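> sequence plus the predicted model coming up.
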Amino acid sequence: MADKLSVLKEYFGYSEFRSGQGEIVDSLLSGRDAVCIMPTGAGKSICYQIPAMLMDGTAIVISPLISLMKDQVNALSRFGIPSACINSSLSMDEINFTMLMAEHGEYKVIYVAPERLETNEFSAMCKRIKISMIAVDEAHCVSQWGHDFRPSYLKIAEFISGLNARPVVGAFTATATREVKDDIVRALKLSSPLVVTTGFDRPNLFFSVIRPESKLQKLNELIGERRDKSGIVYCSTRKNVEEVQEYLSSKGFLATRYHAGLSELERSANQDDFLFDRKTVMVATNAFGMGIDKSNVSYVIHYNMPKDIESYYQEAGRAGRDGSEADCILMYSGMDVRINRFLITKKDDNPELTEEEQDALVQKELERLKIMTFYCTTNECLRGFMLKYFGEKADLTCDKCSNCMENYTLTDVTVDAQKILSCIFKTRERFGKSTIIKILKGSKEDSIISRELDKQSTYGIMKDLSPQRIRLIINYLEEQECIKEEGTDYPIIKLLPKSYGVLRGKLTLSMKVPKEAEPKKQTSDAAKSRTGVQKGIDRELLDLLKLLRKEISQSEGVPAFVVFPDTALLDMCIKLPKTEDEFLQVIGVGKTKCQRYGERFMSVIRQYCD
């Protein structure tokens with residue numbers, strides 16, 4: 001009789017579970033609900049796919065995006081697991097046929113969008129089949145206080161309660177604060193669930209924040225260093241997507257674009273170009289990426305700062321899904337903060353929320369924006385900053401982010417902080433950061449002179465410092481909870497109790513200040529080595545295996561990573577399998593894929609070795 005380990009090996013090609021996977025599988029198999037919080041690339045889908053294979057009936061997987069369903073069904077079919085999806089991309093005849101096959105027990109897994117649960121036809125079908133389990137993917141979408149709330153997710157609990165018998169339910173996400181985690185349990189009405197959080201750290205990712213004078217020029221340099229790699233460039237607006245994609249194309253890069261303003265036909269075509277490696281760079285808004293199971297993304301560059309840590313972690317996490325070394329680079333400027341603040345305060349109200357709830361949501365989003373800004377301006381370890389945000393302990397340094405790799409000097413900024421706080425106090429806490437900086441710099445702009453702010457005792461007392469340095473200290477004061485911003489359209493700075501300790505000399509402040517504005521040249525060189533082929537791999541053989549994989553992917557009409565991910569090809573180069581038993585020892589090779597592709601890949605390896 002099959003068990004979880006034999007299914008893992010036979011279908012997925014792995015000999016053991018990763019951290020947390022086995023516990024979730026056991027919980028679902030025993031009939032106990034579960035909440036699984038794992039970072040992108042940690043293998044959440046296996047946690048519900050294996051129980052689906054072992055349990056009697058059909059598993060319903062609720063997922064928000066069509067692209068995810070398509071990729072997952074393609075991948076499962078290669079593993080020999082009967083599966084299907086029902087979504088708006090199918091015709092009614094195709095949907096009816098799929099539901100008919102489901103009633104005949106032809107599928108172990110069916111993927112559906114949450115909106116599909118509300119249709120009479122689908123609900124009726126679910127009452128006629130045996131449902132083994134319900135898996136809710138991207139479960140953070142159920143939380144009104146999360147970064148990606150979707151009202152349709154609130155209907156899931158009602159759908160489950162309407163079934164003839166309640167199946168076991170699993171909720172899966174890569175990002176969830178404690179507040180969102182509690183929302184998932186409550187909104188989905190989970191019964192005493194096992195909650196497994198494997199940790200948010202992705203050791204294979206290198207995080208960096210840079211502040212270039214010209215973002216386009218720096219982008220050209222960064223992608224030029226990674227010309228043969230696959231990557232994503234995220235922009236905050238459609239206009240930026242168009243500008244960046246056009247610029248990169250003019251520089252000879254194979255770049256395509258994705259945003260909600262394009263037709264569905266073009267979005268689909270551009271996405272396929274990226275998935276099939278016909279284009280190596282995808283320039284997109286955050287409309288692209290959720291559920292895109294492309295394993296060989298070597299870098300994610302944020303041309304603009306996202307509006308919260310959750311979004312950044314999720315988007316950056318699309319790099320290095322196969323476990324390979326990858327770069328997550330954020331290009332920061334003060335304008336990013338203003339754009340995000342505008343997008344938060346001016347967006348359309350959610351009809352599902354009351355006016356009070358809407359106001360509370362806006363304030364929550366502004367608070368998350370502030371924390372995201374702290375991430376971009378902090379001189380502390382970037383990895384540690386994110387881990388602490390998600391409630392995990394972190395080392396002081398990771399030696400794998402731009403802040404830990406950079407040279408810093410610990411500088412006493414108490415006197416400068418006193419000058420800034422004094423200016424805020426003496427102007428009666430009526431102004432925002434830009435005006436405070438102008439006063440301290442001794443600006444002669446009309447906005448300063450006309451209000452007689454040049455008569456203030458703090459006028460011009462920091463004229464020898466750059467505006468950027470003053471703003472850096474102001475942001476540090478905010479991060480240290482000496483000051484806070486209030487208001488939405490025109491935020492002003494208010495003093496907090498801690499500031500008076502600084503003003504009275506009872507509290508000193510020391511801040512890490514970079515010795516150089518830009519990372520040293522070796523940081524760029526290190527990036528090249530991180531995204532290169534690992535030491536000891538025969539590059540010529542790897543290229544031959546990639547060529548064969550490309551031929552197969554084109555003939556079968558699936559992305560190359562669906563045939564085999566890069567990690568499998570790299571392992572083939574190390575193990576040089578020449579028999580079926582040896583080929584089954586390659587990472588990610590199960591019985592079905594061995595039978596389907598093994599001989600062709602072993603033939604290339606044998607010929608090369610001979």
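Yep, it's here. Numbering: from 1, shown residues only.
> who touches stretch 426-438?
Stretch 426-438 has contacts (CB atoms under 8 Å, 6 or more residues apart in numbering) with 420, 423-424, 439, 445, 447-448, 453, 456-458, 467, 470-471, 474, 485, 490-495. All C-beta spots, glycine's among them, are computed from the backbone N, C-alpha and C.
> now it - C-alpha only, CSV.
In CSV, the C-alpha atoms belonging to stretch 426-438 read as follows (Å, rounded to 0.1, in the frame of the first residue of the first chain):
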residue,chain,number,x,y,z
LYS,A,426,9.9,75.3,17.6
THR,A,427,7.7,75.2,14.4
ARG,A,428,4.9,73.7,16.6
GLU,A,429,4.8,70.3,14.8
ARG,A,430,3.1,71.8,11.8
PHE,A,431,5.2,70.7,8.9
GLY,A,432,6.4,67.6,7.0
LYS,A,433,9.9,66.3,6.3
SER,A,434,10.6,68.4,3.2
THR,A,435,9.8,71.7,4.9
ILE,A,436,11.8,70.8,8.0
ILE,A,437,14.8,70.0,5.8
LYS,A,438,14.4,73.3,4.0
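> low-confidence ranges in the stretch 401-550 of the chain?
Counting by pLDDT under 70, the stretch 401-550 of the chain contains low-confidence residues at 407, 488, 514-536.
> helices of the stretch 51-200 of the chain, start to end?
Here the stretch 51-200 of the chain has its helices, by DSSP state H, counting those that start in this stretch, at 66-79, 92-103, 120-128, 156-161, 178-187.
> give me phi/psi at the closest residue to Thr177 other than its chain neighbours?
Nearest residue to Thr177 in three dimensions, chain neighbours excluded: Phe390, at 6.5 Å (CB to CB, 6 or more residues apart in numbering). The phi and psi values for Phe390, taken as degrees, to the nearest 10, are phi -90, psi 10.
> who's in contact with Phe390?
Residues in contact with Phe390, defined by CB under 8 Å, 6+ apart, are 175, 177, 200, 309, 313.
> and it, how far from Lys181?
From Phe390 across to Lys181, the span is 10 Å (CB to CB, to the nearest Å).
> can you map out the helices along the stretch 201-350 of the chain?
215-224, 238-250, 264-275, 309-316, 334-345.
> and stretch 577-590, what's buried?
For stretch 577-590, a neighbour-count test (16 or more other CB atoms under 10 Å) marks 577, 583-584, 586-590 as buried.
> and if you look at stretch 554-563?
Neighbour counts over stretch 554-563 (16+ other CB under 10 Å) mark 558-563 as buried.
> okay, and which of the residues you listed map to helices?
The helices, defined by DSSP state H, take in 560-563 from those.
> nearest to Ile605, of those residues?
Distance to Ile605, by CB to CB, is smallest for Val563 among those, at 15.6 Å.
> what about that closest one, distance to Ile537?
Distance from Val563 to Ile537, counting by CB to CB: 19 Å.
> in helices, which of the buried residues of stretch 577-590 fall?
Using DSSP H, the subset of the buried residues of stretch 577-590 located in helices is Phe583.
> among the buried residues of stretch 577-590, which two are most distant?
Farthest-apart pair in the buried residues of stretch 577-590 is Pro577 and Gly590; separation 13.9 Å (CB to CB).
> now do the phi/psi pair for the closest residue to Cys126 other than its chain neighbours.
The shortest distance from Cys126 to any non-neighbouring residue, by CB to CB, 6+ apart, is to Leu163 (6.1 Å). Per-residue torsions, Leu163: phi -70, psi 160 (degrees, to the nearest 10).
> test my guess that Leu163 contacts Ser132.
No - using CB atoms under 8 Å, Leu163 makes no contact with Ser132, being 11.9 Å away.
> who's more crowded, the two?
Comparing Leu163 with Ser132 by neighbour count (other CB atoms under 10 Å), the higher total belongs to Ser132, at 23 against 14.
> centre of the chain to the helix or strand hosting Leu545, how far?
In this assignment (DSSP states H and E), Leu545 forms part of helix 539-556. Per CA atoms, centre = their mean, to the nearest Å, the displacement of helix 539-556 from the mean C-alpha position of its chain is 28 Å.
> by contact count, what packs against the helix or strand harbouring Gly501?
In the assignment (DSSP H and E), Gly501 maps to helix 497-503. Applying 3 or more CB pairs under 8 Å, 6 or more residues apart in numbering; DSSP states H and E, one finds that helix 497-503 contacts helix 414-426.
> picking that back up, from the contacts of Phe390, list the buried ones, please.
Buried members of those, counted by 16+ other CB under 10 Å: 175, 177, 200, 309, 313.
> JSON lines for those, including pLDDT?
Shown next, in JSON lines, are the buried ones among the contacts of Phe390 (pLDDT from 0 to 100):
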{"residue": "Thr175", "pLDDT": "77"}
{"residue": "Thr177", "pLDDT": "77"}
{"residue": "Phe200", "pLDDT": "84"}
{"residue": "Ile309", "pLDDT": "92"}
{"residue": "Tyr313", "pLDDT": "91"}
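> between these, which is closest to Asp543?
Distance to Asp543, by CB to CB, is smallest for Tyr313 among the buried ones among the contacts of Phe390, at 33.6 Å.
> residues touching that closest one, list them.
Contact analysis of Tyr313 by CB under 8 Å, 6+ apart lists 39, 174-175, 200, 386, 390.
> mind listing what's buried along the longest helix seen in the chain?
Using DSSP H, we find that the single longest helix of the chain is helix 355-377. By neighbour count with 16+ other CB under 10 Å, helix 355-377 contains the buried residues 361, 364-366, 368-370, 372-377.
> starting at the chain centroid, how far to it?
Centroid separation between helix 355-377 and its chain, computed with CA atoms, centre = their mean, is 18 Å.
> next, the angle helix 309-316 makes with that helix.
Using axes from the mean of the first three to the mean of the last three CA atoms, to 10 degrees, the inter-axis angle of helix 355-377 relative to helix 309-316 is 60 degrees.
> what comes into contact with the following helix or strand past the helix holding Gly501?
Of the helices and strands lying after helix 497-503 in sequence (DSSP H and E), the nearest is strand 510-514. Residues outside strand 510-514 that contact it (CB under 8 Å, 6+ apart): 379-380, 403, 406-414, 472-473, 476.
> now, which of the residues you listed lie within helices?
Per DSSP H, the subset of these in helices is 403, 414, 472-473, 476.
> surely Leu509 touches Val415?
No - using CB under 8 Å, Leu509 is not in contact with Val415; the gap is 9.5 Å.
> in this structure, where is pLDDT below threshold?
For the chain, the stretches flagged by pLDDT under 70 are 1, 67, 144-147, 289-293, 349-353, 407, 488, 514-536.
> and if we set it to 50?
Under the criterion pLDDT under 50, the flagged ranges of the chain are 516-533.
> taking the centroid of this protein, which residue is nearest it?
Against the mean C-alpha coordinate of the chain, by CA atoms, centre = their mean, the closest residue is Gln314 at 1.5 Å.
> what sits closest to that residue if chain neighbours are left out?
In space, Gln314 is closest to Thr175, 5.3 Å off (CB to CB, 6+ apart).
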